[in-house]
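**Student:** next comes the sequence, and after it the predicted model I'd like to discuss.
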Amino acid sequence: MKVVILATSGVTVPSIEYLEQQELLAGVILIGSSSEIYSLQQFLQQKNIQFAHVERSDPEKLSVTINAFKSELILALDVSLDIEDRITAATDGRWIEVITKHVRSDRFETSLYWGIRKGLSHLDVMAVDIVQKSIIAEVTLDIADQDTLGALYSKASLVIAQLVQQLVTKTLSDACEIQHSNDAVLEYIESEVVSISEQDLLLDIRELTPQQTLNHIRAANPFFGGAHVRFGQHHIKLLEASFSEQPTYGAKPGTILTISQEKGMVVAVKKGSVRFDILANSEGIYTGYRLANLAGLQAGMTIS
């Protein structure tokens, strides 16, 4: 059996290495154009792994490229392509897509971002037969309270590799039976596809509780440079924050409550307060106290 992988990012590397070590990898098809694609291409070149490049907007070329690899399994690890029936019919192998049950997105990284933003404790990662619309293998990706997007991304790469090992074992033993009814897959297919916009990265602290504020910041660290806020004319990115017991004394959410070397920078949010620990602007990365002094921020100012 040979497997061709469809990939867009480095989260696929452990899976690629596993299949290559098992002499099951036919090659890798890189989907789209990005800095991550370039990095992944360099990795494949160093490992002397065959690869090809196809744009998302060219499904016909994708089917031709897949057939050229002569593989029995077509494995889309970190990308959802909404493949049409005519494309799957034009290819020879069995189409398997790795998805997350709780969040439907066009990229795996996006699912991780929203998993953290929503405060989920885990994501169910599933291998789905695209044609049969059935789940054939499943693993759990735990989301710890302190996980940033970068930390969860690293964990996800290993979990996906575990899923691939399960899938390969079942396929080689002809035990690739359906593990669940089609209902979960159909529900996923019918759900809204989410993405990440610039607006999503803006921290509307006036509407968020302390936990929601921390989730938002963790989800944007480090790939998006943190959550975005404005203090007057200052555009600042939040990389890390923590809970604070500082009373708000009725201050409106978004108000700076305290700036001190001992307590740092504490800001009122909905139903509580948080301490801004690590922030960045165009000039560098600072503690909350240090940046407040450099930017001339004072208690009583508000975030817009």
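**Tutor:** That came in fine, so what should we check first? All values derive from a computational prediction rather than experimental measurement.
**Student:** so Val168 sits against Glu23, correct?
**Tutor:** No: in this structure Val168 lies outside contact range of Glu23 using C-beta atoms under 8 Å: 11.5 Å. (Each C-beta comes from the backbone N, C-alpha and C, glycine too.)
**Student:** those two: which has the busier surroundings?
**Tutor:** When Val168 and Glu23 are compared on other C-beta atoms under 10 Å, the one with more neighbours turns out to be Val168, at 21 against 7.
**Student:** for the more buried one, give me phi and psi.
**Tutor:** phi -60, psi -50 (degrees, to the nearest 10).
**Student:** ok, and the closest non-adjacent residue to Leu25?
**Tutor:** Leu19 (4.0 Å; C-beta to C-beta, 6 or more residues apart in numbering).
**Student:** SS state for that neighbour?
**Tutor:** At Leu19, secondary structure determined by DSSP: H, G, I helix; E, B strand; the rest coil is helix.
**Student:** ditto for Ile116
**Tutor:** helix.
**Student:** what about it, distance to Asn215?
**Tutor:** From Ile116 across to Asn215, the span is 6 Å (C-beta to C-beta, to the nearest Å).
**Student:** more neighbours, those two?
**Tutor:** Ile116 (24 against 21).
**Student:** that one touches Ile217, doesn't it?
**Tutor:** No: Ile116 is beyond contact range of Ile217, at 9.5 Å (criterion: C-beta under 8 Å).
**Student:** in this protein, which residue is closest to the centre?
**Tutor:** The centroid of the chain falls nearest to Glu109 when counting by C-alpha atoms, centre = their mean (2.0 Å).
**Student:** for it, what are its contacts?
**Tutor:** The contact partners of Glu109, taken as C-beta atoms under 8 Å, 6 or more residues apart in numbering, are 9, 11, 78, 149, 153, 223.
**Student:** now do the SS call for it.
**Tutor:** When classified by three-state DSSP, Glu109 comes out as helix.
**Student:** give me the domain ranges for this structure.
**Tutor:** Listed by automatic domain parsing, the domain ranges of the chain are 3-190, 199-295.
**Student:** where among those domains is average confidence lowest?
**Tutor:** For the domains of the chain, mean pLDDT drops lowest on domain 3-190, to a mean of 87.
**Student:** give me the distance from that domain to the chain's centre.
**Tutor:** 13 Å (C-alpha atoms, centre = their mean, to the nearest Å).
**Student:** now stretch 204-211
**Tutor:** Put simply, stretch 204-211 sits 22 Å off its chain's centre (C-alpha atoms, centre = their mean).
**Student:** now do the same end-to-end measure for it.
**Tutor:** 13 Å (C-alpha to C-alpha, to the nearest Å).
**Student:** got the contact list for that stretch?
**Tutor:** By C-beta under 8 Å, 6+ apart, the residues outside stretch 204-211 that reach it are 119, 213, 216, 229, 243-244, 252-254, 267, 269-274, 303.
**Student:** and with 7 Å instead?
**Tutor:** By C-beta atoms under 7 Å, 6 or more residues apart in numbering, the list of residues contacting stretch 204-211 from outside reads 119, 213, 216, 229, 243, 253-254, 267, 269-274, 303.
**Student:** quick one: Ser35 from Glu198, how far?
**Tutor:** Using C-beta to C-beta, one obtains 18 Å as the distance from Ser35 to Glu198.
**Student:** wait, Glu283
**Tutor:** Distance of Glu283 to Glu198, given as C-beta to C-beta: 21 Å.
**Student:** likewise for Asn215?
**Tutor:** Asn215 is 18 Å from Glu198, by C-beta to C-beta.
**Student:** one more: Tyr249?
**Tutor:** Using C-beta to C-beta, Tyr249 is found at 34 Å from Glu198.
**Student:** hang on, Val64 in a helix?
**Tutor:** Yes: counting by three-state DSSP, Val64 is part of a helix.
**Student:** and it, how many residues sit next to it?
**Tutor:** Residues near Val64, counting by other C-beta under 10 Å, number 14.
**Student:** so what's Gly225 up against?
**Tutor:** 237, 280.
**Student:** need the three-state assignment for it.
**Tutor:** coil.
**Student:** residue at max distance from the center of the protein?
**Tutor:** Distance from the C-alpha centroid of the chain, by C-alpha atoms, centre = their mean, peaks at Tyr249 (37.6 Å).
**Student:** now the residue nearest to it when sequence neighbours are not counted: which helix or strand?
**Tutor:** Nearest non-adjacent residue to Tyr249, counting by C-beta to C-beta, 6+ apart: Leu257, 7.9 Å away. According to DSSP states H and E, Leu257 maps onto strand 256-260.
**Student:** can you pull out the strands in the stretch 201-304 of the chain?
**Tutor:** Assigned by DSSP state E, counting those that start in this stretch, the strands in the stretch 201-304 of the chain fall at 227-231, 234-244, 256-260, 264-269, 272-281, 284-287.
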